[in-house]
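Got a predicted structure here, sequence first:
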Amino acid sequence: MRIQDFAIEMYMNEYEAGCRYNLAETCVSSLTVDELLTLCGRREEALAELLSLRMTYGHITGSPGFVRGICGLYKTVKPENVTTTHGAIGANALVFSALVEPGDEVVSIFPAYQQLYSLPEALGAKVTTMPLNESNGFLPDVELLANLMNERVKLVVINNPHNPSGAVMDAAYLQRIVDVVRPYGTYILCDEAYRGLTHTGQNLTESLADMYEHGISTSSMSKALALAGLRIGWVAAPEAVIEKVNKHRDYTLISCGVADDYLDSLALEHSGKIFARNIAIARANLDVLDAWVTREPHFSFVRPQGGTTAFIKLGFDMPSREFCLGLLEDTGVMVVPGSAMGVEGYIRVGYAFEKDLLEKGLGIISAYVKEIVGS
């Protein structure tokens with residue numbers, strides 16, 4: 001199978017370990033095991049249970065407690081509608097491999113996490129992208145989607161909240177997309193890895209899995225629940241889709257880790273406390289980032305409505321990769337060039353980690369830009 005280089009992952013792999021100020025981070029400030037157990041109020045009891053765990057394969061598609069916890073994040077999803085995976089990236093990969101065949105047509109948003117369009121293309125699909133841009137707040141153009149739909153479109157791929165811009169589709173907007181797609185019986189895959197991090201109102205956006213009989217939602221413990229190191233995600237979908245996914249899953253996964261499953265189950269039992277911690281961090285830090293962008297004459301953005309990343313427009317003529325590599329080499333600050341997401345003239349900045357690190361890194365960027373561009 002031929003596949004495009006995964007540009008953003010290659011960039012992160014090459015440079016992340018050596019940076020001093022990682023403003024490319026996409027997770028909310030990650031919990032330690034001690035913080036997780038303390039936050040859940042079961043530290044000593046949970047430690048004892050962890051020590052007694054036998055390191056076998058455990059439950060193949062997720063323990064009953066973990067699956068119940070996942071179902072609790074949705075309105076209509078039942079255990080038979082869920083299977084666990086290695087992160088949301090594993091969930092998306094399994095959905096594509098289970099549903100997409102050579103010759104199928106797929107419509108996907110762009111820019112987005114490259115997996116969402118490059119992987120179905122590698123599987124032999126004809127992929128048509130829906131461009132997202134500032135003029136529509138980085139939201140999908142529903143009229144364009146309607147023009148792209150036909151009986152041959154097997155899958156429509158969206159992302160909510162959106163990486164990299166932080167755009168959020170509310171229930172009404174998602175319903176417009178469903179209304180366009182439903183007459184064709186086409187699947188919709190919504191990557192909801194950042195669900196739970198909406199910056200106004202309720203933190204949980206509506207989920208596609210609750211809205212549409214052919215809706216597929218993928219997510220994980222990594223972003224909104226600050227537990228990326230546990231490497232577990234899931235697919236929430238109609239039972240027939242889960243059956244197809246699990247046939248492919250048998251060849252690639254077997255099961256997720258027993259200790260990971262245990263800690264994730266505990267986290268979901270107390271998800272309200274974790275969401276509250278994480279949304280507070282994200283919202284406070286977004287205000288810091290917003291104030292910085294407002295002060296800076298050489299940057300602008302559409303303020304994120306959710307998630308942990310902002311897509312910041314460069315107000316000077318320099319390739320984004322050149323800017324980012326120069327910044328990294330001279331100052332140790334790492335951000336992601338828009339070119340790594342297929343769009344020139346932007347950088348992606350994460351903001352949901354430690355506030356002092358964010359403030360320090362932004363200050364360094366300001367000084368660097370003043371040096372290379374002028375006041």
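It's in. Numbers count the residues shown, from 1 in each chain.

was I right about G215 contacting I188?
Yes. The pair G215 and I188 qualifies as a contact (CB atoms under 8 Å) at a distance of 5.3 Å. Yep, even glycine has a C-beta here, placed from its N, CA and C like the rest.

Find residues that contact each of these two.
Listed as contacting both G215 and I188 by CB atoms under 8 Å, 6 or more residues apart in numbering are 178, 208.

Which helix or strand contains the residue most central in space within the chain?
Centroid check for the chain by CA atoms, centre = their mean gives A193 as the closest residue, at 3.6 Å. Following DSSP states H and E, one finds A193 outside all helices and strands.

count of neighbours near Y184?
Number of residues near Y184 (other CB atoms under 10 Å) recorded here: 15.

what about it, distance to M211?
Going from Y184 to M211 by CB to CB, to the nearest Å gives 16 Å.

cool, and Y11?
Distance of Y11 to M211, computed by CB to CB: 34 Å.

In the stretch 51-200 of the chain, where is pLDDT below threshold?
Counting by pLDDT under 70, the stretch 51-200 of the chain contains no low-confidence residues.

how about the helices in it?
In the stretch 51-200 of the chain, the helices defined using DSSP state H, counting those that start in this stretch lie at 64-71, 87-99, 115-122, 142-148, 171-181.

contacting residues around the shortest one?
Looking back up the chat, that one is helix 142-148. Residues contacting helix 142-148 (CB under 8 Å, 6+ apart): 107, 128, 130, 156, 173, 176-177, 180-181.

same thing with the first one?
Identification of contacts with helix 64-71 by CB under 8 Å, 6+ apart yields 59, 61-62, 77-79, 81-82, 84, 232, 234, 236, 261, 264-265, 267-269, 271.

One more: the longest one?
Taking CB under 8 Å, 6+ apart as the criterion, the residues outside helix 87-99 that touch it are 83, 85, 115-116, 119-120, 123, 154-155, 187, 189, 191-193, 216, 218-220, 222, 228, 231-235, 237, 241, 244-245, 247-249, 252-253.

out of those, which are buried?
Neighbour-count burial (16 or more other CB atoms under 10 Å) is assigned, among these, to 83, 85, 115-116, 119-120, 123, 154-155, 187, 189, 191-193, 216, 218-220, 222, 228, 231-235, 237, 241, 244-245, 248-249, 253.

A171 against E206, yeah?
Yes. A171 lies in contact with E206 (CB under 8 Å); the separation is 4.0 Å.

more crowded one of these two?
Per other CB under 10 Å, whichever of A171 and E206 has more neighbours is E206, with 21 against 11.

For that one, list the residues it contacts.
170-171, 174.

D356: how many residues sit nearby?
Residues lying near D356 (other CB under 10 Å) number 8.

got the contact list for the spatially closest residue to L139 that is not a sequence neighbour?
Nearest residue to L139, sequence neighbours excluded (CB to CB, 6 or more residues apart in numbering): A167, at 5.3 Å. Counting by CB under 8 Å, 6+ apart, A167 touches 132, 137-139, 161, 302, 304-306.

let's go with 6 Å and repeat that
137-139 (CB atoms under 6 Å, 6 or more residues apart in numbering).

Only the buried subset of these, as a ChimeraX command please.
Buried subset of the contacts of A167, written as a ChimeraX selection, criterion 16+ other CB under 10 Å:
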select :138,139
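
Now do the spatially closest residue to E101 that is not a sequence neighbour against D250, distance only.
Excluding the flanking residues, the one nearest E101 by CB to CB, 6+ apart is G124, at 6.7 Å. Separation of G124 from D250 (CB to CB) stands at 22 Å.

Same question for Y187.
21 Å.

what does M12 give?
From M12 over to D250 (counting by CB to CB), the distance is 30 Å.

List the buried residues for stretch 47-55?
Buried, per 16+ other CB under 10 Å, within stretch 47-55: nothing.

Kindly check the end-to-end length of it for me.
End-to-end span of stretch 47-55 (CA to CA, to the nearest Å): 15 Å.

Mind naming the longest helix for the protein?
Counting residues, the longest helix in the chain under DSSP state H turns out to be helix 271-295.

Not counting that helix itself, show me its contacts.
For helix 271-295, the surrounding residues in contact (CB under 6 Å, 6+ apart) are 28-29, 39, 196-197, 199, 203, 225-226, 267, 299, 301, 303, 308, 351-352, 355, 358, 362.

again, but for stretch 4-11
With contact meaning CB under 6 Å, 6+ apart, stretch 4-11 is reached by 114, 118, 340-341.

CA atoms of that stretch as CSV?
Provided in CSV are the C-alpha atoms of stretch 4-11 (Å, rounded to 0.1, in the frame of the first residue of the first chain):
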residue,chain,number,x,y,z
GLN,A,4,1.8,9.8,1.7
ASP,A,5,4.4,10.8,4.3
PHE,A,6,2.5,11.9,7.4
ALA,A,7,3.9,15.4,7.4
ILE,A,8,2.9,16.6,10.9
GLU,A,9,3.9,13.4,12.6
MET,A,10,7.3,13.4,10.9
TYR,A,11,7.8,17.0,11.9
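
Before I go, just wanted to say thanks for your time.
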